[in-house]
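[1] what would the 3D arrangement of this be:
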Amino acid sequence: MFESIVAFAGGVALFLLGMRLMTDGLKFAAGPALRGLLARATGSRWRAFGSGLLVTALVQSSGAVMFATIGFVNAGLLGLPQAIGLVFGANVGTTLTAWIVALVGFNVDLQALAMPAVALGVALWLGRRGQSASFGQALAGFGVFFLGLDALKDLFVDVGDGIGELGHLGDGLPQRLLFAAIGVVLTVLMQSSSAALAVTLTAAAGGVLPLGAAAAVVIGTNLGTTSIGVFASFRATIAARRTAIAHVVFNLVLVAVALPLLPWLLAGSVRLLGGLVGAAPIATVLAVLHTIANLLTVALLWPLNRALVAALERWVGRREVDPAAPVYLDRHVLGTAHLAVEALRRELVRVGQFAHRMARTSLSSETADAERLQQDHDLVERLGEAAIAFAGGVESGREHGIDEALTSAVRVVQYFRAMAERAIDMARIVPIAGAPAGLDAQLLALRQAADRALEAADPSAERSEPAAIEAATAEFEAAYQRCKGELLRVGSRAELSPAALVRALDRASALRRIVDQAGKAGRFMARIAPPPRTGGRGESNLD
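    Below is the predicted model:
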């Protein structure tokens, strides 16, 4: 018994190690392709479904895809309808693991397959760089996964011969619920539905589990994988928590539908395979069942997508949000550089909105709210620090343009901070009253030019135009020089008191610094380009 426990633990460990190596290697090796698939997910639910299916099939981890999806939603890169489509696709994509185990694990000499894969994979991993090394890591993981499968297959055959099947427990709904709960526990403990599926399929093929019990465990693994999304949604945005709940709802519906219909689903799976149920085909029957159950759930919930979105928006209402808390900076996207840069850009837009609001408030000191200005200043400081820390954690992986974008982001933070400081300084200077008509006209023209310059550099715009920013800044500079000249003229003629002249010059100088920093921020924001979109806006397209 002790040797069996140790062998079981070792086989499961090889499973988990192989899955981790495969997932990490494939994520790096296929990085551009995965980004392209994700970009397509923003277009429609069908594209999102296909993206979720393909990405999960590629990286062999629905948990990793769910973890990433929560991060993308949290960073504002996916709308809820598209995220739900990804959830549906990821659930179907994870059934590929069962097919690999069923078609390869019981029809191929695993030692003959695994050892060359490990050897070649490690050689590429250690001897190459870049995508080749990542592919080698994935190949080594593939081999290690099958070593674990081979160890468990032999173990379960021996154990099965000794203890026989568990058929005496019966095949009623209570027994199915019990075995489904075992599937949930296995998946939560391993944090991998793929590993739990592999264990279940090898146990069934080895005679430890009867077909009905194994089928219930397979159904339970689906529900167990929701724990990954739930964990990832802690302290996340409202939309991210809605996505995690949608994942739970999908798998609850799957369990509620599949368990009562399990005998008929199994019978249908057997018929699809020509009625052949032997030692090896048991795993194939379970793979077919797993796929049918997921597709059936998609078919049931797909027409209800709008209703599900509406229900989630009602169930998970809006809460009071701390404005100083970052909205888009989610650690789950740090490993995907382009997505992390887009999340950072969106957060910088928020920082810029506060800085620009301060600038416009300080332009009208007659109505300036000193307390509001200080609150906005604190927000710019805190969010700016969070943005710089996030930029430092992005895994650029030497991807083209990423380092430049991150450097530009840090510059933008500094420019917004400088804007906020100058806005505070400017608001403290009392504007002059009773200025001569000519000077009053020049001061008005200066404020209007500042408004146009700030509008050109507005971070809320979809995309900053450096040429427009340059033109507006140049126009302001000309207005500043004219205003300064008029100030010096009236001051030299004693038409303005020395104290009033100094105040007016200081205000104009502070405004010049504000416009200069806003222009620089806008020009560098243009270097932090958003990723290309292939469809409509992710938040609204439900087709």
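[2] please count neighbours and contacts with C-alpha atoms only from this point.
    OK.
[3] tell me which helix or strand comes right after the helix or strand of the chain with the lowest mean pLDDT.
    The least trusted helix or strand in the chain, going by mean pLDDT, DSSP states H and E, turns out to be helix 31-41, with a mean of 57. For helix 31-41, the following helix or strand on the C-terminal side (DSSP states H and E) is helix 45-59.
[4] quick one: mean pLDDT for that following helix?
    What helix 45-59 shows for mean pLDDT is 77.
[5] just checking, what packs against it?
    On a contact count with 3 or more C-alpha pairs under 8 Å, 6 or more residues apart in numbering; DSSP states H and E, helix 45-59 meets helix 2-29, helix 31-41, helix 62-74, helix 80-93.
[6] which secondary structure element contains A494?
    Counting by DSSP H and E, A494 is part of no helix or strand.
[7] quick check: phi and psi on it?
    phi 60, psi 30 (degrees, to the nearest 10).
[8] next, count neighbours for it.
    Neighbourhood size, A494 [other C-alpha atoms under 10 Å]: 11.
[9] equivalent analysis for S408, please.
    19.
[10] spatially, what comes nearest to T226 if we skip its sequence neighbours?
    Nearest residue to T226 in three dimensions, chain neighbours excluded: V248, at 5.6 Å (C-alpha to C-alpha, 6 or more residues apart in numbering).
[11] I'd say that neighbour and N222 touch.
    No - look at V248 against N222 with C-alpha atoms under 8 Å: they stay out of range, at 9.4 Å.
[12] compare those two (neighbour count), which wins?
    Taking neighbours as other C-alpha under 10 Å, V248 and N222 compare with N222 leading, 31 against 21.
[13] my read: the more buried one touches S192, true?
    No - because the distance of 10.1 Å does not satisfy C-alpha under 8 Å, N222 is recorded as not touching S192.
[14] who touches both of those two?
    Counting by C-alpha atoms under 8 Å, 6 or more residues apart in numbering, no residue touches both N222 and S192.
[15] picking up where we left off before, element containing the residue nearest to T226, please.
    Going by DSSP H and E, V248 is in helix 238-258.
[16] swap in A359?
    Applying DSSP H and E, one finds A359 within helix 337-363.
[17] which helices and strands sit right next to the following helix or strand past that helix?
    The element immediately downstream of helix 337-363 (helix or strand, assigned by DSSP H and E) is helix 370-393. Applying 3+ C-alpha pairs under 8 Å, 6+ apart, one finds that helix 370-393 makes contact with helix 337-363, helix 402-428.
[18] among those helices, which gets the worst mean confidence?
    Lowest mean pLDDT within the helices and strands packed on helix 370-393: helix 337-363, at a mean of 88.
[19] just list what that one packs against, helices and strands only.
    Against helix 337-363 (3+ C-alpha pairs under 8 Å, 6+ apart) you get helix 370-393, helix 402-428, helix 437-456, helix 498-525.
[20] return the set of buried residues in the last one.
    Same thing as helix 498-525. 500-504, 506-525 (16 or more other C-alpha atoms under 10 Å).
[21] same deal with the shortest one?
    The neighbour-count criterion (16+ other C-alpha under 10 Å) identifies 439-440, 442-443, 445-447, 449-456 as the buried residues of helix 437-456.
[22] so which residues make contact with that helix?
    By C-alpha under 8 Å, 6+ apart, the list of residues contacting helix 437-456 reads 356, 360, 363, 464-465, 468-469, 472-473, 475-476, 479-480, 482-483, 486-487, 490, 511, 515, 518-519.
[23] can you flag the buried ones in these?
    Those of the contacts of helix 437-456 that meet the buried threshold are 356, 360, 363, 464, 468-469, 472-473, 475-476, 479-480, 482-483, 486-487, 490, 511, 515, 518-519, by 16+ other C-alpha under 10 Å.
[24] pull the distance from stretch 384-392 to the chain's centre.
    On the basis of C-alpha atoms, centre = their mean, to the nearest Å, stretch 384-392 sits 17 Å off its chain's mean C-alpha point.
[25] what mean pLDDT does it get?
    92.
[26] what's in contact with that stretch?
    326, 329, 331, 334, 341, 344, 347-348, 351, 406, 409-410, 413-414, 417.
[27] ok, stretch 509-521 next?
    Counting by C-alpha under 8 Å, 6+ apart, 356, 359, 363, 411-413, 415-416, 418-419, 422-423, 425-426, 450, 453-454, 457, 469-470, 473, 477, 480 sit against stretch 509-521.
[28] many thanks, have a good one.
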